[in-house]
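Q: here you go, sequence then predicted model.
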Amino acid sequence: MSSDRRDVRRRLFALASAQGCYFTAAQAKAIGYSYQAQAHHVAAGNWYRVGRAIFRLAECVAEQHDDLVRWTLWSKGEGTISHESALAVHGVGEFESSRVHLTVPDGFARREPSVSLHFAALPASDVHEHTGFRVTNVARSLIDVSAAGVDEDQLARAIRESVDAGHLTLRSLRARAEAVDLMGALRVERAIARMS
């Protein structure tokens, strides 16, 4: 293997490593892999095609939540993991969803059956950077699921868990909920009342 090809491979590996081993066809092309070379690597089993123009290096060992990088790439970096999916990243609550939840800006046009899209402009204070993806913080995630109408007992347990883990205080959650969504704030209040 020539040193140029080794350098291209190293650059791809460095990029993919920062993104949970995922990368796009456009990223691979920018690094130096022609579309023909990309097809070769898929056929040879070096790369797995996981979506339209989205790949994963075969040599990587999957880690928890790496799959969420795929949806960030699918959204072209516009999506932020949110709602039940964000709470799963934070290890809070027992909310289940068969779909990945992404908050995207208004006007986002892509659709995918595996993804529940929510439209909002998220302030930086509501978002944390994770390896390869962004995720809403615990308070914003609780407010979002609350506004969506989850079970209040389940929400109460998740709030208690979040307070006990030091993610937030009841006062900060109430204040943020009132600023974000009044219906969500009302449901947060009802859930807090159930905690007593």
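A: Received the coordinates, thanks.

Q: for Trp47, give me phi and psi.
A: phi -130, psi 150 (degrees, to the nearest 10).

Q: what is the burial count for it?
A: 23 (other Cβ atoms under 10 Å). Placement of C-beta: from N, CA and C, glycine included.

Q: wait, it sits on Cys60?
A: No - the criterion here is Cβ atoms under 8 Å, and Trp47 misses it with Cys60 at 10.3 Å.

Q: now name the helix or strand holding Met183.
A: Take DSSP states H and E as the rule and Met183 turns out to sit in helix 182-195.

Q: name the spans of the chain whose pLDDT lies under the cut-off.
A: For the chain, applying pLDDT under 70 flags the ranges 1-3, 196.

Q: where do the domain boundaries of it fall?
A: By the assignment in automatic domain parsing, the chain contains the domains 3-57, 67-195.

Q: and the spatially closest residue to Arg111 that is not a sequence neighbour, its phi and psi?
A: With Cβ to Cβ, 6 or more residues apart in numbering as the criterion, Arg111 has its nearest non-adjacent residue at 7.4 Å, and that residue is Leu117. Per-residue torsions, Leu117: phi -100, psi 140 (degrees, to the nearest 10).

Q: what is the burial count for Leu117?
A: Leu117: 17 neighbours (other Cβ under 10 Å).

Q: wait, isn't it in contact with Leu102?
A: Yes - with contact defined as Cβ under 8 Å, Leu117 reaches Leu102; the gap is 5.8 Å.

Q: mind checking the backbone torsions on Tyr22?
A: Per degrees, to the nearest 10, the backbone of Tyr22 is at phi -100, psi 160.

Q: repeat that for Asp153.
A: According to degrees, to the nearest 10, Asp153 has phi -60, psi -40.

Q: tally of neighbours for it?
A: 11.

Q: chain neighbours aside, what residue packs nearest to Gln19?
A: Gly132 (4.1 Å).

Q: give the contact list for the one you found.
A: Contacts for Gly132 (Cβ atoms under 8 Å, 6 or more residues apart in numbering) come out as 18-20, 22, 66, 68-69, 72.

Q: drop anything exposed from the residues you listed.
A: By neighbour count, with 16 or more other Cβ atoms under 10 Å, these hold 19-20, 22, 66, 68-69, 72 as buried.

Q: could those residues go into JSON lines alongside distance to Gln36?
A: Shown next, in JSON lines, are the buried ones among the contacts of Gly132 (distance: Cβ to Cβ, whole Å):
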{"residue": "Gln19", "distance to Gln36": "23"}
{"residue": "Gly20", "distance to Gln36": "26"}
{"residue": "Tyr22", "distance to Gln36": "21"}
{"residue": "Asp66", "distance to Gln36": "28"}
{"residue": "Leu68", "distance to Gln36": "30"}
{"residue": "Val69", "distance to Gln36": "25"}
{"residue": "Thr72", "distance to Gln36": "27"}
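
Q: quick one: which of these is nearest Asp144?
A: Leu68 (15.9 Å; Cβ to Cβ).

Q: okay, and the closest one sits in which element?
A: helix 67-74.

Q: other residues contacting that helix?
A: Contacts for helix 67-74 (Cβ under 8 Å, 6+ apart): 19-24, 50-51, 54, 56, 79, 81, 85, 89, 100, 102, 110, 112, 115, 130-135.
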